[in-house]
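Undergrad: Structure for the following, please:
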Amino acid sequence: MNPSLNKMLEDSAGRYLADEEKRALLEYTESLPMRLQVAANVQKIEDKALRKAVEQIRQKYPEFYKARPESGAERTLRDFSLVVRHTVLAMICADRDLQEDRLLTWLGKMLSGLNFTAQFNRDSYIFVRDQLKAALPADNYALLEPYLNINIESLGSIYEPQAATA
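TA: Residues are numbered from 1 along each chain as shown. As a prediction, this is how the structure comes out:
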């Protein structure tokens, strides 16, 4: 659940919720069915959309897959899937810090250690975002978009080693 709602509920122990607190809780719960529907729709289209994003990377960065001929595409697909699933969870929870806290900080360090560049990551997650946008209904995408942009901002601003290769 949203961390501000969690804190609000913890803080309300021993008293009744104030009107403003009730409104915040109702707003969150009223939108929960839609957010769960978005998650179900992403699950349905995830593999196809992410494979298209991998193909876009292959076209823009052919040298990346030449250096990783057997495992590059599958590892990229695995990473995309992990990021998208955390993105969807953050959207369900309405928690803009969740994906950063649980995944993106760690993944950014790993990608930096593997000499991935910020530009490569930025392009990769723009491709992911754009493929999801193309595959989802507009109202679904609108709920997910802010969280997809977090991926682009976070992974697109990683520390770049001196001899970056991707």
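Undergrad: continuing past the one helix or strand in the chain whose mean pLDDT sits lowest, what's the next helix or strand?
TA: Here the helix or strand of the chain ranked lowest by mean pLDDT, DSSP states H and E is helix 62-67, holding a mean of 82. Downstream of helix 62-67, the next assigned helix or strand under DSSP states H and E is helix 72-93.
Undergrad: Convert the least confident helix or strand of the chain to CSV, retaining C-alpha atoms only.
TA: Extracted in CSV, the C-alpha atoms of helix 62-67 (Å, rounded to 0.1, in the frame of the first residue of the first chain):
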residue,chain,number,x,y,z
PRO,A,62,24.1,-3.8,-33.0
GLU,A,63,27.6,-3.9,-31.3
PHE,A,64,26.0,-4.7,-28.0
TYR,A,65,24.7,-8.0,-29.2
LYS,A,66,27.8,-8.8,-31.2
ALA,A,67,29.7,-8.7,-27.9
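Undergrad: Show me what that helix is packed up against.
TA: helix 19-60, helix 72-93 (3 or more CB pairs under 8 Å, 6 or more residues apart in numbering; DSSP states H and E). Where C-beta positions appear, they are placed from N, C-alpha and C, glycine not excepted.
Undergrad: Past the last one, which element shows up next along the chain?
TA: Later in the chain than helix 72-93, the nearest helix or strand by DSSP H and E is helix 98-99.
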